[in-house]
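Asks: structure of the sequence below:
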Amino acid sequence: MSVLAVLDPAVAVAHAVVATIAHVLPTALAIVLFTVAVRLALHPLARAAARGEKARAVLAPKVAALRKKHEKRPEKLQEALAEMYREEQVSPFAGCLPLLVQIPFFSVMYRLFTTPNDLLDHTLFGVPLGLHVGGAHGAGQLAVFGLLYAGLAAVGYVNYRRARRAAAAQPTPQPGAGVLPYLSFGSVLFALLVPVAAALYLLTTSAWSAAERAWLYRDGAPQTPAAVLSV
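Replies: Below you'll find the model as predicted:
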């Protein structure tokens, strides 16, 4: 039995909601709307994370000064950083919260779209939602997969550029900063392994994340490279 079987009660709820919407709308559109509804519910967390990142950006010079002062005493540095964040009421992990909360939702959706069920019998432009790219036949079906992958690649490129700018704006280079921007294209690679329904979910949630961050950081406030990559 798969370890993801523990998610089956939540998967059943997600299935029921999507199926209810699919009674009045195409199932593919129901998946998009359900994903958007969940991301909208998570938006307050994203706003809180953005405030935390902006606050940390303001504190960056102080952090750099403390690192220089305690560069040979890592334990003292950690104590000083913890004290500073506590005094400023800023969490060093706020930017990770939306991503961590999304992981259970992602897992539920993955389980829903990789376990045979009636939703996957429906189609997107004539392509079954449960079909993998390896089983595609004809130009029409391949075109649908191509459009999904192109959409994910476009969103990945936007995130890639944003992550590059965020890495360049860091006062001190972070370990792995040169590699992090390329992780923006990870969703394209993952989409190659999942059926149409899951790829459609990935495109929807990735596009939402990119648009959400563009809105939250419309004033040009700096971001961390890792946070830019959140889906």
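Asks: for residue 14, grab the count of nearby residues.
Replies: 21 (other CB atoms under 10 Å). C-betas here are computed from N, CA, C, even on glycine.
Asks: what about it, which helix or strand?
Replies: Element membership for residue 14 (DSSP states H and E) is helix 8-22.
Asks: just the CA coordinates for that helix, please, in PDB.
Replies: Provided in PDB are the C-alpha atoms of helix 8-22 (Å, rounded to 0.1, in the frame of the first residue of the first chain):
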ATOM      1  CA  ASP A   8      -7.300   9.100   1.000                       C
ATOM      2  CA  PRO A   9      -9.900  10.800   3.200                       C
ATOM      3  CA  ALA A  10      -8.700  14.200   2.000                       C
ATOM      4  CA  VAL A  11      -8.500  12.900  -1.500                       C
ATOM      5  CA  ALA A  12     -12.200  11.800  -1.200                       C
ATOM      6  CA  VAL A  13     -13.100  15.300  -0.200                       C
ATOM      7  CA  ALA A  14     -11.200  16.900  -3.100                       C
ATOM      8  CA  HIS A  15     -12.800  14.400  -5.500                       C
ATOM      9  CA  ALA A  16     -16.300  15.200  -4.200                       C
ATOM     10  CA  VAL A  17     -15.700  19.000  -4.600                       C
ATOM     11  CA  VAL A  18     -14.200  18.700  -8.100                       C
ATOM     12  CA  ALA A  19     -16.900  16.300  -9.200                       C
ATOM     13  CA  THR A  20     -19.600  18.600  -7.900                       C
ATOM     14  CA  ILE A  21     -18.200  21.500  -9.900                       C
ATOM     15  CA  ALA A  22     -17.800  19.200 -12.900                       C
END
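Asks: buried sites along that helix?
Replies: Going by neighbour count (16 or more other CB atoms under 10 Å), the buried part of helix 8-22 is 10, 11, 14, 15, 18, 21, 22.
Asks: which neighbouring elements make contact with whatever helix or strand residue 63 lives in?
Replies: In this structure, residue 63 is located in helix 27-69 according to DSSP H and E. Using 3 or more CB pairs under 8 Å, 6 or more residues apart in numbering; DSSP states H and E, the elements in contact with helix 27-69 are helix 8-22, helix 74-88, helix 97-114, strand 123-124, helix 196-216.
Asks: hmm, try it at 10 Å
Replies: Contacts defined by 3 or more CB pairs under 10 Å, 6 or more residues apart in numbering; DSSP states H and E place helix 27-69 against helix 8-22, helix 74-88, helix 97-114, strand 123-124, helix 138-169, helix 196-216, helix 225-228.
Asks: what lines up beside the shortest one in the sheet?
Replies: What it means is strand 123-124. Using DSSP bridges, the strands paired with strand 123-124 are strand 127-128 (antiparallel).
Asks: which one is residue 34 nearest to, not counting chain neighbours?
Replies: Setting aside the residues directly before and after it, residue 34 is nearest to residue 18 in space (CB to CB, 6 or more residues apart in numbering), at 5.1 Å.
Asks: return the distance of stretch 67-82 from the chain's centre.
Replies: Chain-centre distance of stretch 67-82: 32 Å, with CA atoms, centre = their mean, to the nearest Å.
Asks: where's residue 20 relative to residue 111, distance?
Replies: Distance, residue 20 to residue 111, using CB to CB, to the nearest Å: 19 Å.
Asks: pLDDT wise, what is residue 177 at?
Replies: pLDDT for residue 177: 62.
Asks: next: residue 111.
Replies: Model confidence at residue 111, given as pLDDT, is 90.
Asks: neighbours around it, how many?
Replies: By the criterion of other CB under 10 Å, residue 111 has 19 neighbours.
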